[in-house]
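Undergrad: Predicted model and sequence follow; I will ask about them next.
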Amino acid sequence: MTAVVPARNEADILPACLPTLLSQDYQGQLSVIVVDDDSTDDTAKVATELGAAVPDRELTVVTARPTPPGWAGKVWAMAEGAREVSAEYILFTDADIAYAPGTLARLASAAADGEYALVSQMALLRTGNQPEKLLIPAFVYFFAQLYPFSRASRPRSRTAAAAGGCMLVRSSALTAAGGLASIRDARIDDVALAGLLKRAGGRCWLGLTTDVVSMRPYDRLADIWDMVARSAYTQLRYSLALTVGVVLGLTWLYLLPPAAAIAGLALLAAGTAAGSAAAWLAAAGLAGWLLMAASYVPMLRLYKLSPLRAPSLPLIAALYAAMTLDSARRHLRGRGGEWKGRVIPPDRA
């Protein structure tokens, strides 16, 4: 197995993550390639020093060549790392991902047993501060609604998705599907890669885990806002119609029930003549609010957060709707997909 780690200005986070990859107890041969993706900090130096601290594990630092026209930056970095790989499996993983002991062995075993072309695990994201606790579990919750994991893992389903932080790919399947050049312009590389492999007939699996953890901090609401706004409009295929539809859908599913509950209760408290209608409105609204909160509880438990946070889902949905609209605005103004100085060109949007 060869792990490919695209890294752009990741000198600060690599010490918390790269050693967990280098120290994996993996029975087969494991090598790690860190791709320095045009960093302006000490990413390459830090990666080299961390590799030297684990002399029995092969680590190579590759300096990515300039991104060619038509390629997305991260996909090009992935291709640069995978260019010389001859291993049966390639693990595409992000620089901010930490692995529990034995994770790679379990991933490889699952891929071999199920003859999968792709095995991907959604990393447990950080929830160390109040903005993260409020919004991060919902990020995974909404992703799982957009791409239901069971459907993404079903061979005959057209739904295809993966989690870019941890994607174990069978090299032969990737080559047979046309390689990374086939998704060269993908801004959401994980979903594009899963779709590529699935269309080529490969079996894919996506699941949740607590053994793969993202260490990237989002200390402010603005940091999470930028993360979502960076890719939401891309995910919606640069379509204003889809964007409006999603915002209306969020409003209908998550904001209408509490609005109905509050309006019904207010009418009952005011003692209006239409008491039965007000009671029905309040009951329907509260029932809808309760059902959505109940559906959110398993995600809160995964993140070891109190179920009492579940009723706040309408507020969270409103924030995500605003982020989605802001994503469209940024793209239309030529600042779409901005990440560490890179943006999606305006003509792409």
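TA: Everything's here; your move. Quantities reported herein were computed from a predicted structural model and do not represent experimental measurements.
Undergrad: which stretches of the stretch 1-150 of the chain form strands?
TA: Taking DSSP state E, counting those that start in this stretch as the test, the strands found in the stretch 1-150 of the chain are 2-7, 31-36, 58-63, 89-93, 97-99, 118-124.
Undergrad: now these as JSON lines including mean pLDDT, distance to Tyr303 and mean neighbour count?
TA: Backbone N, C-alpha and C define where each C-beta goes, glycine included. Shown next, in JSON lines, are the strands of the stretch 1-150 of the chain (pLDDT from 0 to 100; distance: least, CB to CB, whole Å; neighbours: other CB atoms under 10 Å):
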{"stretch": "strand 2-7", "mean pLDDT": "98", "distance to Tyr303": "25", "mean neighbour count": "26"}
{"stretch": "strand 31-36", "mean pLDDT": "97", "distance to Tyr303": "28", "mean neighbour count": "24"}
{"stretch": "strand 58-63", "mean pLDDT": "96", "distance to Tyr303": "32", "mean neighbour count": "17"}
{"stretch": "strand 89-93", "mean pLDDT": "98", "distance to Tyr303": "21", "mean neighbour count": "25"}
{"stretch": "strand 97-99", "mean pLDDT": "98", "distance to Tyr303": "16", "mean neighbour count": "24"}
{"stretch": "strand 118-124", "mean pLDDT": "98", "distance to Tyr303": "7", "mean neighbour count": "26"}
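Undergrad: Pro311: which of the ones you listed is closest?
TA: Closest to Pro311 of the strands of the stretch 1-150 of the chain is strand 118-124 (CB to CB; 23.2 Å).
Undergrad: Can I get the strands of the stretch 1-150 of the chain in JSON lines including distance to Asp42?
TA: Formatted as JSON lines, these follow (distance: least, CB to CB, whole Å):
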{"stretch": "strand 2-7", "distance to Asp42": "11"}
{"stretch": "strand 31-36", "distance to Asp42": "10"}
{"stretch": "strand 58-63", "distance to Asp42": "11"}
{"stretch": "strand 89-93", "distance to Asp42": "20"}
{"stretch": "strand 97-99", "distance to Asp42": "20"}
{"stretch": "strand 118-124", "distance to Asp42": "24"}
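Undergrad: and the closest residue to Leu240 other than its chain neighbours, how many residues sit next to it?
TA: Using CB to CB, 6 or more residues apart in numbering and skipping the chain neighbours, the partner closest in space to Leu240 is Ala328 (6.5 Å). As a burial measure, Ala328 scores 23 neighbours (other CB atoms under 10 Å).
Undergrad: ditto for Pro55
TA: Neighbour count of Pro55, defined by other CB under 10 Å: 8.
Undergrad: And for stretch 97-112, what's in contact with it?
TA: Contacts to stretch 97-112, defined as CB atoms under 8 Å, 6 or more residues apart in numbering, come from residues 1, 3, 16-17, 20-21, 23-28, 30, 89, 91, 116, 119, 121, 123, 165-166, 168, 170, 205, 210-215.
Undergrad: got the buried residues for it?
TA: Ile97, Ala98, Tyr99, Thr103, Leu104, Ala105, Leu107, Ala108, Ala111 (16 or more other CB atoms under 10 Å).
Undergrad: which residues does the third one bridge with?
TA: Counting by DSSP bridges, Tyr99 is bridged to Val212.
Undergrad: my guess is Met227 contacts Tyr218, does it?
TA: Yes. Using CB atoms under 8 Å, Met227 is in contact with Tyr218, at 6.7 Å.
Undergrad: higher neighbour count, these two?
TA: Remark: of Met227 and Tyr218, Tyr218 carries more neighbours, 22 against 18, as counted by other CB under 10 Å.
Undergrad: coming back round to it: so for Pro257, which of the strands of the stretch 1-150 of the chain sits nearest?
TA: strand 118-124 (27.3 Å).
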